[in-house]
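Chemist: Any chance you could fold what I've pasted below:
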Amino acid sequence: MQPIETFKVGDLVVEVYQDEDHEGPDECGDDAIFLVANVRRYLEVRDRENAVDWMDTHEIFPVHGYAHSGIVLSLAPFRCPWDSGIAGFVAVSKAEFPEESRRIVAEHLVETWNQHLSGDVYGYRVFREVTCDLGHVHREEVDSCWGFYGLETVREEARIAASWEPA
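Modeler: Got it, this is the predicted structure:
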């Protein structure tokens, strides 16, 4: 696996990688906010049969899907009548989230799912370069973390982690 970018923070080297083995946004089993969808062969999340049970406890937002060489989700409908339609819904807990923030929470979950579906998930490794007695430069891994959604997020987190490492 090759890094997609490398940068330095002080004397440390940071490498950013695409996380090819990340968990999906729903794998933590959060019942306060979740996606229920089934779009062709691309996505199947949660069982729709229990949807009636969530009507009293969750606000339901329809999710539209556009499936063409991949899938994109949205709370708003797509303009393509052939490759798009209702894909499922996002359920947001009425007890956990105030009414005015539920749509924003649902939009953030859909955005996270789109990042997951498009492979916009990353990890980083932080290395210290050490010169041995023979004059060779060796790298020692001092930190790593994976599962960050969005390239800017992983860059920021990697910089923070590297800045905490002693020189």
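Chemist: from here on, contacts and neighbour counts on C-alpha atoms
Modeler: Noted.
Chemist: Return the helix or strand in this protein with minimum mean pLDDT.
Modeler: Across the helices and strands of the chain, mean pLDDT, DSSP states H and E gives its lowest value to strand 43-45, namely a mean of 54.
Chemist: And the strands in the protein?
Modeler: 5-9, 12-18, 33-39, 43-45, 58-67, 71-74, 84-93, 121-131, 137-149 (DSSP state E).
Chemist: Can you list the buried residues in stretch 81-95?
Modeler: Within stretch 81-95, the residues that qualify as buried by neighbour count (16 or more other CA atoms under 10 Å) are 84-94.
Chemist: cool, and stretch 97-106?
Modeler: Buried-residue list, stretch 97-106, by 16+ other CA under 10 Å: 97, 102-103, 105-106.
Chemist: That one - what's its average pLDDT?
Modeler: The average pLDDT within stretch 97-106 is 96.
Chemist: List the contacts of that stretch.
Modeler: With contacts defined as CA atoms under 8 Å, 6 or more residues apart in numbering, stretch 97-106 is touched by 33, 59, 61, 90-92, 94.
Chemist: residues contacting the residue nearest to the spatial centre of the chain?
Modeler: The centre of the chain sits closest to residue 149, judged by CA atoms, centre = their mean, with a distance of 3.7 Å. By CA under 8 Å, 6+ apart, the residues touching residue 149 are 112, 115-116, 120-122.
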